[in-house]
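**Student:** Fold the following for me, if possible:
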Amino acid sequence: MGFAYADPDVLTDEQRAALAEHQRTVHQQPRELTLKALREEAKLSHADLATQLKWPVERIKKLESGDLDRVQLATLRRYIEALEARIEITAIRGEAYARLC
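**Tutor:** Next up, the predicted model:
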(Lines give C-alpha, C1' and ligand atoms only; values in the text may rest on other atoms or scores of the structure.)
Protein backbone atom coordinates (compact mmCIF):
# COMPACT_ATOMS: atom_id res chain seq x y z
CA MET A 1 0.00 0.00 0.00
CA GLY A 2 1.48 3.37 -0.99
CA PHE A 3 1.03 6.63 0.83
CA ALA A 4 0.81 10.17 -0.41
CA TYR A 5 1.19 13.02 2.04
CA ALA A 6 -2.03 13.28 3.99
CA ASP A 7 -3.32 14.65 7.26
CA PRO A 8 -2.80 11.82 9.78
CA ASP A 9 -6.26 12.53 11.19
CA VAL A 10 -7.91 11.34 7.96
CA LEU A 11 -6.03 8.04 7.68
CA THR A 12 -7.84 4.81 8.39
CA ASP A 13 -6.65 2.60 11.25
CA GLU A 14 -5.17 0.20 8.68
CA GLN A 15 -3.27 3.04 7.00
CA ARG A 16 -2.00 4.34 10.36
CA ALA A 17 -0.78 0.85 11.30
CA ALA A 18 0.95 0.41 7.93
CA LEU A 19 2.55 3.85 8.20
CA ALA A 20 3.77 3.13 11.74
CA GLU A 21 5.26 -0.20 10.60
CA HIS A 22 6.96 1.51 7.64
CA GLN A 23 8.45 4.20 9.88
CA ARG A 24 9.63 1.57 12.38
CA THR A 25 11.42 -0.48 9.71
CA VAL A 26 12.96 2.55 8.02
CA HIS A 27 14.51 3.67 11.30
CA GLN A 28 15.88 0.19 12.04
CA GLN A 29 17.79 -0.26 8.80
CA PRO A 30 21.55 -0.03 9.34
CA ARG A 31 23.58 2.61 7.53
CA GLU A 32 25.83 1.37 4.78
CA LEU A 33 29.50 1.97 5.56
CA THR A 34 32.80 0.89 4.08
CA LEU A 35 35.03 -1.40 6.16
CA LYS A 36 37.28 1.59 6.85
CA ALA A 37 34.36 3.73 8.02
CA LEU A 38 33.12 0.88 10.20
CA ARG A 39 36.58 0.66 11.82
CA GLU A 40 36.69 4.43 12.29
CA GLU A 41 33.22 4.38 13.85
CA ALA A 42 34.59 1.80 16.32
CA LYS A 43 37.29 4.40 17.10
CA LEU A 44 40.13 2.06 16.16
CA SER A 45 43.21 3.00 14.17
CA HIS A 46 44.86 0.66 11.70
CA ALA A 47 47.52 -0.02 14.34
CA ASP A 48 44.97 -0.67 17.11
CA LEU A 49 43.09 -3.20 15.01
CA ALA A 50 46.28 -4.83 13.71
CA THR A 51 47.50 -5.29 17.29
CA GLN A 52 44.17 -6.73 18.39
CA LEU A 53 44.09 -9.19 15.48
CA LYS A 54 47.86 -9.84 15.52
CA TRP A 55 48.00 -8.91 11.83
CA PRO A 56 50.35 -6.55 9.99
CA VAL A 57 48.89 -3.07 9.42
CA GLU A 58 49.26 -3.64 5.66
CA ARG A 59 46.82 -6.56 5.87
CA ILE A 60 44.20 -4.28 7.46
CA LYS A 61 44.76 -1.63 4.78
CA LYS A 62 44.53 -4.18 1.96
CA LEU A 63 41.27 -5.59 3.32
CA GLU A 64 39.82 -2.08 3.62
CA SER A 65 40.89 -1.20 0.06
CA GLY A 66 38.00 -3.30 -1.22
CA ASP A 67 40.08 -6.07 -2.79
CA LEU A 68 37.93 -8.89 -1.38
CA ASP A 69 38.05 -11.41 -4.25
CA ARG A 70 40.52 -13.69 -2.50
CA VAL A 71 39.61 -13.01 1.12
CA GLN A 72 38.55 -16.04 3.10
CA LEU A 73 35.30 -15.78 5.02
CA ALA A 74 37.11 -16.60 8.28
CA THR A 75 39.46 -13.63 7.76
CA LEU A 76 36.61 -11.25 7.05
CA ARG A 77 34.67 -12.60 10.04
CA ARG A 78 37.64 -12.01 12.39
CA TYR A 79 37.97 -8.43 11.13
CA ILE A 80 34.25 -7.73 11.52
CA GLU A 81 33.98 -9.34 14.96
CA ALA A 82 37.01 -7.35 16.17
CA LEU A 83 34.88 -4.26 15.46
CA GLU A 84 32.10 -5.77 17.61
CA ALA A 85 29.96 -6.10 14.50
CA ARG A 86 28.44 -9.11 12.79
CA ILE A 87 28.63 -10.39 9.25
CA GLU A 88 25.58 -11.29 7.18
CA ILE A 89 25.75 -13.05 3.83
CA THR A 90 22.68 -13.33 1.64
CA ALA A 91 22.40 -15.11 -1.70
CA ILE A 92 19.84 -13.37 -3.94
CA ARG A 93 18.26 -14.77 -7.09
CA GLY A 94 15.47 -12.66 -8.54
CA GLU A 95 12.95 -12.15 -5.74
CA ALA A 96 14.21 -15.16 -3.74
CA TYR A 97 17.00 -15.07 -1.22
CA ALA A 98 18.77 -17.29 1.30
CA ARG A 99 20.62 -16.03 4.37
CA LEU A 100 23.85 -17.96 4.67
CA CYS A 101 25.15 -16.46 7.90
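**Student:** how many other residues sit next to E40?
**Tutor:** Residues contacting E40 under the criterion other C-beta atoms under 10 Å number 14. No exception for glycine: its C-beta is placed from N, CA and C like everyone else's.
**Student:** And the helix or strand where it lies, what does it pack against?
**Tutor:** Taking DSSP states H and E as the criterion, E40 maps to helix 35-41. Packing partners of helix 35-41 (3 or more C-beta pairs under 8 Å, 6 or more residues apart in numbering; DSSP states H and E): helix 57-64.
**Student:** Surely L100 and I92 touch.
**Tutor:** No - using C-beta atoms under 8 Å, L100 makes no contact with I92, being 10.9 Å away.
**Student:** the helices in this protein, which residues?
**Tutor:** 13-28, 35-41, 46-53, 57-64, 73-82 (DSSP state H).
**Student:** before we move on, back to that, contacting residues around the helix holding E40?
**Tutor:** Helix 35-41 is contacted from outside by L33, H46, L49, I60, L63, E64, G66, Y79, I80, L83, A85, using C-beta atoms under 8 Å, 6 or more residues apart in numbering.
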